[in-house]
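> coords below, sequence missing:
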């Protein structure tokens, strides 16, 4: 039952116990003031949130290299990522392309320390790069000495926990075994993963389809699907590498960037990612010389003010289940809008049901409030639609 809705039966009992005077009816109608005020506040909140997000986007677009004019000079600072850039850098697919760029660059130089640039986003993100670097070294070691493969396996995080070292040794010993999974599964690898790993070593990309999805305890929903797709793509890249290594030519890699990197084209692939995927404010920030952000300082006037941070302002705009964040027109925010408008509408319906014969003044008051809810509903539905999202399930006015 809606927290603001007074059941028609309860209202009927109330009106029976009171003389149905204009003042008594006014008192009943006043019960709807709070849900109506919430509807007004939410409408205002949504508009304010949109303005803040728009300002944040404008600020994000403006964070790019500047050209010095006659009255200003450009200097570089070691300032950290802005709030807006940091948030953008943590989203997919951009985060994945940043990690790939630095992992491929580091692998080409055989220097994992180049992943440290991603420390600007936090240690976990730097760790993703180092993990990708170690994984590439492990794949490359498959066609070298068994001792090197064993050591490279131990540097990956995929073989961690009790017995991991023994499993790495067993994997190195089993690579030429015609039935390697008999020894590896299930102690070291589950059957599906084992078929995919050793199949890719033999150049069989079809075996990669046997990779099982990640357990729900390690990820959620779309994230699990994305990570599984990435794992299958890496497996297929490894299979392409097996064929390219045997042929001695990166041309055999086809469209696999991972294969090309393993075949020695890491710098070229990283350059392609920079040119195609990192031509945005976030990518520009990371790729600037010296990893520094450009800051314009005027010679003849005060230094330019930094764009105001939007996080604090957005946090203050949380109201009745509505959260000021991108995407603003999320399923949760549409549900919050429907709930608040629905509560105000339901309250008026209950009042009108209980007051079988409302006074002219009360009837006019109910109509006026219904019209206000309808205006909010129409305006905000159109507002949400402008973001090309599904129409907000706001109630139709009575």
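In hand now; what should we look at? Bear in mind that the values here come from a model prediction, so they are computed numbers and not experimental data. Numbers count the residues shown, from 1 in each chain.
> distance of residue 364 from residue 372?
Residue 364 sits at a distance of 13 Å from residue 372 (criterion: CB to CB, to the nearest Å). For the C-beta atoms, the positions are set from N, CA and C on the backbone; glycine is no exception.
> So which of the two has more stuff around it?
Using other CB atoms under 10 Å as the criterion, residue 364 and residue 372 rank with residue 372 on top: 16 against 11.
> Grab the nearest non-local neighbour of the more buried one.
Using CB to CB, 6 or more residues apart in numbering and skipping the chain neighbours, the partner closest in space to residue 372 is residue 36 (7.0 Å).
> Isn't the one you found up against residue 345?
No. The pair residue 36 / residue 345 is not scored as a contact, 9.7 Å apart, by CB atoms under 8 Å.
> more neighbours, these two?
Of the pair residue 36 and residue 345, residue 345 is the one with more neighbours under other CB under 10 Å, namely 26 against 21.
> Can you give me the separation between the spatially most central residue of the chain and residue 226?
Central residue of the chain (CA atoms, centre = their mean): residue 91, 4.3 Å from the mean position. Distance, residue 91 to residue 226, using CB to CB: 12 Å.
> Could you do residue 102 as well?
Following CB to CB, the distance that separates residue 102 from residue 226 is 20 Å.
> More neighbours: which of the two?
The neighbour comparison of residue 102 against residue 226 (other CB under 10 Å) goes to residue 102, with 26 against 14.
> Which strands or helices does the longest helix along the chain pack on?
Longest helix of the chain, by residue count under DSSP state H: helix 33-62. If contacts are counted by 3 or more CB pairs under 8 Å, 6 or more residues apart in numbering; DSSP states H and E, helix 33-62 sits against helix 83-89, helix 311-316, helix 331-354, helix 360-385.
> now it and helix 331-354, what's the angle there?
Counting by axes from the mean of the first three to the mean of the last three CA atoms, to 10 degrees, helix 33-62 lies at 160 degrees to helix 331-354.
> Quick check, pLDDT for the residue nearest to residue 181 when sequence neighbours are not counted.
Excluding its sequence neighbours, the residue lying closest to residue 181 (CB to CB, 6+ apart) is residue 194, at 4.0 Å. Here the pLDDT value assigned to residue 194 is 94.
> Residue 30: neighbouring residues, count only.
The number of residues packed near residue 30 is 11, by other CB under 10 Å.
> ok, now which ones touch residue 47?
If a contact means CB atoms under 8 Å, 6 or more residues apart in numbering, then residue 47 has residue 383 as its contacts.
> What is the neighbour count of residue 111?
Neighbours of residue 111 (other CB under 10 Å): 11.
> what pLDDT does it get?
93.
> Look up phi and psi at it.
Note on residue 111: backbone dihedrals following degrees, to the nearest 10 are phi -140, psi 100.
> again, but for the one 4 residues further on
Summarising the backbone geometry of residue 115 under the convention degrees, to the nearest 10, its torsions are phi -70, psi -10.
> Quick check: it vs residue 364, distance?
Counting by CB to CB, the separation of residue 115 from residue 364 is 69 Å.
> Pretty sure residue 138 sits against residue 155.
Yes. Using CB under 8 Å, residue 138 makes contact with residue 155 at a distance of 7.1 Å.
> neighbour-wise, which of those two wins?
Neighbour comparison, residue 138 and residue 155: the larger count goes to residue 138, with 22 against 17 (by other CB under 10 Å).
> Would you confirm that the more buried one belongs to a helix?
Yes. Assessed by DSSP: H, G, I helix; E, B strand; the rest coil, residue 138 belongs to a helix.
> list the contacts for it?
If you count contacts by CB under 8 Å, 6+ apart, residue 138 has them with 149, 152, 153, 155, 156.
> which one is it nearest to, not counting chain neighbours?
residue 152 (4.3 Å).
> Name the surrounding residues that touch the helix or strand harbouring that neighbour.
With secondary structure defined by DSSP states H and E, residue 152 is part of helix 146-155. Helix 146-155 is contacted from outside by 134, 137-138, 140-142, 159, 164-165, 167-169, 171-173, 175, using CB under 8 Å, 6+ apart.
> In terms of secondary structure, what does the helix or strand that that helix is followed by contact?
Using DSSP H and E, the helix or strand that follows helix 146-155 in sequence is helix 164-174. Where contact means 3+ CB pairs under 8 Å, 6+ apart, helix 164-174 is packed against helix 146-155, helix 181-184.
> Can you list the buried residues in the last one?
Burial within helix 181-184, assessed by neighbour count using 16 or more other CB atoms under 10 Å, is assigned to 181, 184.
> Just name whatever secondary elements that helix is in contact with.
Short answer (3+ CB pairs under 8 Å, 6+ apart): helix 181-184 packs on helix 164-174, helix 191-201.
> Kindly calculate the angle that the helix or strand just after the last one makes with helix 191-201.
It refers to helix 191-201. Where DSSP H and E defines the elements, the next helix or strand beyond helix 191-201 is helix 221-247. Helix 221-247 runs at 30 degrees relative to helix 191-201, counting by the same axes, to 10 degrees.
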